Every structure is written in structure tokens, then in C-alpha cells.
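*Asks:* Starting from these lines, generate the structure:
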Amino acid sequence: MKNIHWQQRSAAVLLGTVILAGSCGVVMDTDIAAAAASNNKSTYEQNAVPQVISLMSPSVVGIIGKAASGGGEVDDRYNLAHGTGVIWKSDGWIVTNAHVVDGLTGITIVTSDGKSYKAKGVYSDPMSDIALVKINAKSLKPAKFAATAQNALVGETVVAIGTPISFSLRNSASVGVVSGLNRSVDGSYRLIQTDTAINPGNSGGPLVNLKGEVIGINSKKFAAVGIENMGFSIPAETVRYVTDHLLKYGEVRRAALGLELEESWSAIVGLPSDDPLTVTKVLSAEARKIGIQEDDVLYAINGKRVYSVVDINERLKSFMPGQHVQLLMQRDGDIVNLKLTLSQDGSQAVSSSVGEAE
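*Replies:* Now for the predicted structure:
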């Protein structure tokens, strides 16, 4: 289908040092015993990984449904697709990827204890790749989400739990590290990079730190010959931003500048750059009203520099349509400050009711 997972990495464990005594090469039993006793004491990480998996598994669900038939005349009842989800609220709200549920019918949620529920509604936001699925259930165990993924450290151990390849492999776990933060991959929001194994079916599952906090929702990976262990997760703060909107409004009321902008060549290829963005099209009446024109240059929003579309999307997460921002721009060589009323982005959530599987 369209899913994501993580890669297991075995940690090398030092089992002990064999010490040779004297010229005769006799192994000292006392030293071996001491080394063995020392290594019988589990390290923090050895204890933490199984504990995190045990703690998180009840909050992870499998998601399965009938995929689109692809236009064929025969309706194949076995044309199924699956992914993973995380319990967001105890009363039956499940967070997953939009690409897991978009186009899927007869969606069924299966919890870690083997209970299954039919989905009663879906709210999907393709831009962020986050969706919410509602089931009629109570007393579910919601996952603990970190307040922000920005506190994560590159190199720290993380665990992914999901449903790789086969639906019978639900709640499979893999271990890796955080490879990078604030990655710009698809032009929407910043992502967490990880080397944890990602496989089809893991999309929508949690990326968990050793505190048992979900720092991200697994979303995508690079897959090609010569590419290894490059997966990406949606940070917890973006997940919270989208789900709060979906629960409150049924859609993401995403603020927008009302401008089509072109990034500099340096920003596109990932080079360090101070280059601003260039206006290629004025889309909103609010932007036209204050005189913004094509070829104007955008430097900052509310005093904070922006270098890419992702920068702008991240800045605007804290605003609603109708609110005002100050833009620092350049026009015909002159620097100007403009007060802009934000419009609503057209990339709204898709909501739907879900029918029973045939």
C-alpha cells in the first residue's frame, strides 16, 4: 500500500574480557566470573527498549480495508491494503497517515488485544499526511505524545511499532536512532529523519523515544537501489496541530499568505543560503489589496526570516485565517513593511463516512 517502517539494528554488547595470567596463558576464573557478573546487570538501554515496546504496544493498532479496484470490471474482495495507527483519545480516536486511509473503504481497526472495530468516520489532511479515524470504543489506552520533537537528540535510540508487510505481523517493533531533525523533504512541514527500518504497512505507526513518548508518526521513506535506512516521521507538534484542528473544526483551517512563492536555487538544493523568496503570483484579495506584486521579494514574517516554503508553513501554524502578520519585503529595490490579513489555504481536510466492508 502506502506505508512506513523502521529498521532493526542490533547493538553490540560487550560480554566480557578474557584475561591471560602469566606466561603459561592460564585463564583466570575469578576475572571471568567478575566480568560475567558485571554483564549480567542489564544496561539502561537493554531494559528500556523492551519496556517501551511493552508500554506502547497497547496504544498501537492495525488498520485494514479494501483498496481501490483500479478501474477494473471485477470487484476483488481480496484487494486489501493495510497500515498502522496510534490511539489518540480513549473514546475511539485513532491518528494515522492520510495516505493510509485515503481511498480505503470498509476500514477496520484491530487493537493489540485482537479486538476489531469498524471505522465510523475519517478526517484526512493530505498536506500534512495526518488523518483521524473514529471508532465506537471506550477505555482505550491513548499513547503519550511528546510536547515537541525538538527536544530529541540526533543519535538517540528510538523504537518504531507497526504492521509491516503482512497484517498478521501487527505490533512488530524495530529499533534505530534519530538521524536528523527539521528535514525538508516534501515541501509541507519539517520531518524527523531516522534509520529505523521502514516497510510497507508501517505508515501511521509511532516513533517512540526511550521515555515512552511518541515523538513522531512514521510517514515515508526513500526507497531505491543504493539507498538504505532513510525514513521520515511527522513530528509530534505537527501531529497535535493537525489533530486539534480536525477535532475542533472537522478540517485544518490553515492560514496562508495568499502568495505563490519561488525559493532560491540554493534553498532548493539544500545549500546554506540567506536568499529570500520571490513572489511569482498573487493569489488572495488581501495580498492584492496591500499592493503585493509579482517579483516582489519576501524576507521575513513577524520579524523572523524565512528561506523556504517549509519555513513559511511552520511559521503559520500558530496563526488562523483572518489574523494579521507583518511582512518584510523588497519592491523595486526598496525595503517595505506590509501588514497582511491571512487567507485560508485551499488544502483543507477531507472528511467522510465509512461504509461496511463487503
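
*Asks:* and residue 276, what is it in contact with?
*Replies:* When contacts are counted by CB atoms under 8 Å, 6 or more residues apart in numbering, residue 276 touches 264, 297, 298, 299, 306, 307, 330. Where you see a C-beta, it was placed from the backbone N, CA and C, and this is true even at glycine.

*Asks:* and if you look at residue 85?
*Replies:* Per CB under 8 Å, 6+ apart, neighbours of residue 85: 60, 61, 62, 63, 94, 95, 96, 100, 109, 133, 204, 205.

*Asks:* again, only this time at 10 Å
*Replies:* Neighbour list for residue 85: 59-63, 93-97, 100-101, 107, 109-111, 119, 131-133, 135, 162-163, 203-206, 217 [criterion: CB atoms under 10 Å, 6 or more residues apart in numbering].

*Asks:* Helices - which of these land there?
*Replies:* Cross-referencing the contacts of residue 85 against helices under DSSP state H gives 100, 101.

*Asks:* coming back round to it: okay, and which of the contacts of residue 276 map to strands?
*Replies:* Judged by DSSP state E, the contacts of residue 276 include 297, 298, 299, 330 as members of strands.

*Asks:* Show me the residue at the heart of this protein, geometrically.
*Replies:* The centroid of the chain falls nearest to residue 234 when counting by CA atoms, centre = their mean (1.9 Å).

*Asks:* Just confirm that one contacts residue 149, I think it does.
*Replies:* Yes. Under the criterion of CB atoms under 10 Å, residue 234 lies in contact with residue 149, with a separation of 9.0 Å.

*Asks:* if we can go back for a sec, just say helix, strand or coil for the residue nearest to the centre of the chain.
*Replies:* Counting by DSSP: H, G, I helix; E, B strand; the rest coil, the backbone at residue 234 sits in strand.

*Asks:* quick one, what contacts it?
*Replies:* 95, 97, 128-130, 149, 188-192, 204, 207, 215-220, 242.

*Asks:* Against residue 289, how distant is the nearest residue to it once chain neighbours are set aside?
*Replies:* Among residues not flanking residue 234 along the chain, residue 217 sits closest, at 4.7 Å (CB to CB, 6 or more residues apart in numbering). As for residue 217, its distance to residue 289 is 38 Å (criterion: CB to CB, to the nearest Å).

*Asks:* Which one of the two is surrounded by more residues?
*Replies:* Legend: neighbour count by other CB atoms under 10 Å for residue 217 and residue 289, higher for residue 217 (30 against 12).

*Asks:* Quick check: residue 122 is in a strand.
*Replies:* Yes. Assigned with three-state DSSP, residue 122 falls within a strand.

*Asks:* Hmm, it is touching residue 133, no?
*Replies:* Yes. In this structure, residue 122 is within contact of residue 133 by CB under 10 Å, at 5.4 Å.
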